[in-house]
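J.: got a predicted model here, sequence first, then my questions.
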Amino acid sequence: MSKGIATDFLIVGYGNTLRGDDGLGPRIAEAVASWHLPNVRAISLHQLTPEVAEALASAEVVIFVDARPSDPQVEPSPNVTFTAITAPDDDAPAATHVSDPRRLLALTRRVYGRCPQAWLISVPGVNFDFGESLSEQARRGVEVALRRIRLLFTSQ
């Protein structure tokens, strides 16, 4: 890892904590923050905004965590995916209010001249109605995601 970088790992959990399973990204980020690991920073957001680019620029590796709609009949077990992502090659401007991880990485590269290695952890959810509780499927997915993140840190 680079000596001039303040954070080796950045976890960015995003989603609406008042919409059931959509709030699992922030919950995962908060759980990782509670581990108090050196060189690991975790932030919990309602949505991705351009302001997050500064935090991305100071990380070597960023892990975005978000919920994705799932059908429990089709996907009965928590099929948590861990996918490498990259900034798009085009110079299209990022959205001014909301962005997806790839556009945020592109903005980071454009503004700060660097772009961290990035991953997206996608956790299945089935309940996106108003409320703060997670479905059973989302709770199991959160456990799987946290185990995978912990394993990543212990293998470094």
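T.: Perfect, I can see it now.
J.: buried residues in the longest helix seen in the chain?
T.: Among the segments of the chain that qualify as a helix by DSSP state H, the longest is helix 136-154. Counting neighbours by 16 or more other Cβ atoms under 10 Å, one finds that the buried residues in helix 136-154 are 137-138, 140-142, 144-146, 149, 153. Backbone N, C-alpha and C define where each C-beta goes, glycine included.
J.: can you put those residues in a markdown table and add distance to residue 24?
T.: Shown next, in a markdown table, are these (distance: Cβ to Cβ, whole Å):
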| residue | distance to residue 24 |
| --- | --- |
| 137 | 10 |
| 138 | 5 |
| 140 | 11 |
| 141 | 7 |
| 142 | 5 |
| 144 | 11 |
| 145 | 8 |
| 146 | 10 |
| 149 | 13 |
| 153 | 19 |
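J.: and the residues you listed, which is closest to residue 63?
T.: Proximity of the buried residues of helix 136-154 to residue 63 (Cβ to Cβ) peaks at residue 149, which lies at 6.8 Å.
J.: SS state for the nearest residue to that closest one once chain neighbours are set aside?
T.: The shortest distance from residue 149 to any residue other than its chain neighbours is 6.1 Å, reached at residue 32 (Cβ to Cβ, 6 or more residues apart in numbering). Per DSSP: H, G, I helix; E, B strand; the rest coil, the local secondary structure of residue 32 is helix.
J.: make sure residue 32 is actually in contact with residue 147.
T.: No - here residue 32 does not reach residue 147: they are 11.7 Å apart, not a contact under Cβ atoms under 8 Å.
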